[in-house]
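S.K.: coords please:
(one chain, ligands or ions: 4)
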Amino acid sequence: MCVPARPSVSWTRTTRISRWSRRFPSPGWPVCSWILEVGVSGVFLLGTALILVLFLVVYLTALSPSLLKLIVPHVPLHINNIRVNWTHSAYIQSITNQNYLCNSVMIMEALHRAGAKADRIMMYPDHWHIPKASDSRAVEETQDLQRTEWMLRARDEYKAKLVPIRVLSGTQGDPTWRDSFTKLIAFNQTQYKRLLSLDSDATVMTHMDELFLTPSSPVAMPRAYWLDQSFLSSQVVLLTPSQFDFQRVQALTHQSDSGFDMDILNTLYKDSCIVLPHRPYNALSAEFRFVNHTRYLGSEDEVWNVTNALAEAKYTHSSDCPKRKPWLRASEGEVRSTQPDCGGNEACEERKIWLELYLDFSRRRERICGQKYD
Ligand SMILES: *[C@@H]1O[C@H](CO)[C@@H](O)[C@H](O)[C@H]1NC(C)=O
Ligand SMILES: *[C@@H]1O[C@H](CO)[C@@H](O)[C@H](O)[C@H]1NC(C)=O
Ligand SMILES: *[C@@H]1O[C@H](CO)[C@@H](O)[C@H](O)[C@H]1NC(C)=O
Ligand SMILES: *[C@@H]1O[C@H](CO)[C@@H](O)[C@H](O)[C@H]1NC(C)=O
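M.R.: Ligands and ions are numbered 1, 2, ... in the order given. Predicted coordinates for the structure are as follows:
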């Protein structure tokens, strides 16, 4: 403190340092004497000015991250400013036969329409001949006109990258097995850092580019929330391609008791993977038929709101067993016996939405593949 040992004038109330200083000689400390000269109001003004300048600097740096970088070089920037090289990430579809081909093309169309930034890949059997040019003569020379047209539409209109693969061998017999294992070849696409594998019997409502920013992990999957036991769903798999993981997965496909792709992924990763939230990444179309939504909502406390459930969903899997999949024509009776029962009422929002999901699927199928049903 620069107060003289025995000030003879009271400091309180209106007494001002400047007046006080005139009566007493300066104690000799430069700052003190300066304060004594400019007076309390001067110090106050200067302080206010300094605070204003500080605010201005903070405001400007908030506006300009590069300015912030100059001042504080190692501050991590806001997530929106992270530069993502999208060529390292891709959505991936595996096609083993023609039945599911149009579904995959529809997924490619939806991602293209949604403006997905990451690449889109379609893995297809390497014995399919896909012409480089899409002129009619080249197309006509292929074995299967329709198949070729669909593949070319995905490549040329929806900007999908076509990657030929050898359909996983060692899985004799049941084609469903072969189909489900082929999805796992995604681990072998090491030209990418992150892949999002989506089952094709589904509706993509919007892109899911943000998933490619998930912290690194061999696998990230949502829970199969509709099941009694804790199990991860392979309908949506975010994976990091690597030779190591591909070999682990492949080793299990050669064992007869390892089950389907979903079982293999659970065996290997259930205790170590990142769990993606099934809201919004993996809803079932059947959720709109269910009476009890506790599993989907994750608690008994939240109130089911069908409008919100539809709005939040980014990917809805078509699962309405025993109703047929949406690309197969279902009889009116089949639809009536499966549709949401509206709690006995004549109509409800759930039924409207559920029917619209199926109608939308067949309208898109007609537009993209030229036919509503197989
Ligand atoms: C993105 O990555 C690719 C492949 O590694 C590279 O060729 C390309 O220059 C990168 N693009 C940018 C903008 O960094
Ligand atoms: C995995 O990728 C490599 C390199 O592209 C390829 O040579 C190999 O045949 C692929 N393996 C399988 C089982 O697809
Ligand atoms: C709804 O499902 C949950 C989870 O399966 C169960 O605990 C709960 O009792 C069910 N509620 C009703 C009203 O049936
Ligand atoms: C569902 O939520 C929407 C908006 O979030 C609201 O307008 C609507 O009233 C809600 N519906 C019900 C049945 O509470």
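S.K.: ok, residue 366 touching residue 372?
M.R.: Yes - when contacts are counted by Cβ atoms under 8 Å, residue 366 is listed as touching residue 372 (4.7 Å). Placement of C-beta: from N, CA and C, glycine included.
S.K.: so the two - more neighbours on which side?
M.R.: Neighbour count, other Cβ atoms under 10 Å: between residue 366 and residue 372, residue 372 has more, with 16 against 12.
S.K.: for residue 319, give me its contacts.
M.R.: 284, 285, 286 (Cβ atoms under 8 Å, 6 or more residues apart in numbering).
S.K.: could those go into TSV alongside pLDDT, neighbour count and secondary structure?
M.R.: TSV is the format used below for the contacts of residue 319 (pLDDT from 0 to 100; neighbours: other Cβ atoms under 10 Å; DSSP: H, G, I helix; E, B strand; the rest coil):
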residue	pLDDT	neighbour count	secondary structure
284	97	22	strand
285	97	22	helix
286	97	19	helix
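S.K.: relative to ligand 2, which of those residues is nearest.
M.R.: Distance to ligand 2, by Cβ to the nearest ligand atom, is smallest for residue 284 among the contacts of residue 319, at 31.0 Å.
S.K.: the closest one contacts residue 316, correct?
M.R.: Yes - counting by Cβ under 8 Å, residue 284 touches residue 316, with 7.2 Å between them.
S.K.: give me the number of residues near residue 132?
M.R.: 7.
S.K.: now the nearest residue to it once chain neighbours are set aside: how far from residue 315?
M.R.: Closest residue in space to residue 132, ignoring its immediate chain neighbours: residue 138 at 7.5 Å, by Cβ to Cβ, 6 or more residues apart in numbering. Separation of residue 138 from residue 315 (Cβ to Cβ, to the nearest Å): 35 Å.
S.K.: looking at the two, which is more packed in?
M.R.: Between residue 138 and residue 315, counted using other Cβ under 10 Å, residue 315 has the larger neighbour count: 23 against 15.
S.K.: so the residue nearest to residue 132 sits in a helix?
M.R.: Yes - membership of residue 138 in a helix is supported by DSSP: H, G, I helix; E, B strand; the rest coil.
S.K.: quick one: contacts of stretch 257-269?
M.R.: 176-177, 180-181, 183-184, 218-219, 221, 224, 231-234, 237, 248-249, 252-253.
S.K.: wait, the residue nearest to residue 132 sits on residue 130?
M.R.: No - using Cβ under 8 Å, residue 138 is not in contact with residue 130, being 9.6 Å away.
S.K.: distance check, residue 335 against ligand 4.
M.R.: The gap separating residue 335 from ligand 4 is 25 Å, by Cβ to the nearest ligand atom, to the nearest Å.
S.K.: what sits against that residue?
M.R.: Counting by Cβ under 8 Å, 6+ apart, residue 335 touches 323, 355, 358.
S.K.: which strand or helix spans it?
M.R.: helix 332-338 (DSSP states H and E).
S.K.: same deal with residue 150?
M.R.: Residue 150 belongs to helix 145-152 when assigned by DSSP H and E.
S.K.: over to residue 197?
M.R.: Assigned by DSSP H and E, residue 197 falls within strand 194-198.
S.K.: which elements pack onto that strand?
M.R.: Strand 194-198 sits against strand 89-94, strand 236-239, with contacts defined as 3 or more Cβ pairs under 8 Å, 6 or more residues apart in numbering; DSSP states H and E.
S.K.: nearest to ligand 4, of those strands?
M.R.: strand 236-239 (24.9 Å).
S.K.: what lies in contact with the closest one?
M.R.: Contacts of strand 236-239 (Cβ under 8 Å, 6+ apart): 183, 186-187, 194-199, 211-212, 214, 218-222, 245, 265, 274, 276, 281-282, 315.
S.K.: swap in stretch 356-363?
M.R.: 106, 203, 285, 288, 316, 318, 326, 327, 335, 372, 373.
S.K.: the residue in the stretch 51-200 of the chain that ligand 4 sits nearest to: neighbour count?
M.R.: The nearest approach of the stretch 51-200 of the chain to ligand 4 comes at residue 114, 22.3 Å away (Cβ to the nearest ligand atom). Neighbourhood size, residue 114 [other Cβ under 10 Å]: 15.
S.K.: ok, back up a step: pLDDT added to the contacts of residue 335, as TSV?
M.R.: Formatted as TSV, those follow (pLDDT from 0 to 100):
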residue	pLDDT
323	91
355	97
358	96
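S.K.: tell me which of those residues is nearest to residue 41?
M.R.: residue 355 (75.8 Å; Cβ to Cβ).
S.K.: ok but that closest one is inside a helix, no?
M.R.: Yes - using three-state DSSP, the assignment for residue 355 is a helix.
S.K.: quick check: the residue nearest to residue 132 vs residue 294, distance?
M.R.: Residue 138 is 55 Å from residue 294, by Cβ to Cβ.
S.K.: same question for residue 286.
M.R.: Residue 286 is 14 Å from residue 294, by Cβ to Cβ.
S.K.: now residue 356
M.R.: 25 Å.
S.K.: and residue 318, what is it in contact with?
M.R.: Going by Cβ under 8 Å, 6+ apart, residue 318 touches 201, 202, 203, 285, 325, 326, 357, 361.
S.K.: among these, which lie within helices?
M.R.: 357, 361 (DSSP state H).
S.K.: apart from its neighbours in sequence, what residue is nearest the residue in the stretch 51-200 of the chain that ligand 2 sits nearest to?
M.R.: Using Cβ to the nearest ligand atom, residue 188 is the residue of the stretch 51-200 of the chain that sits closest to ligand 2, at 3.7 Å. Leaving aside its chain neighbours, residue 188 sits nearest to residue 246 (4.8 Å; criterion: Cβ to Cβ, 6+ apart).
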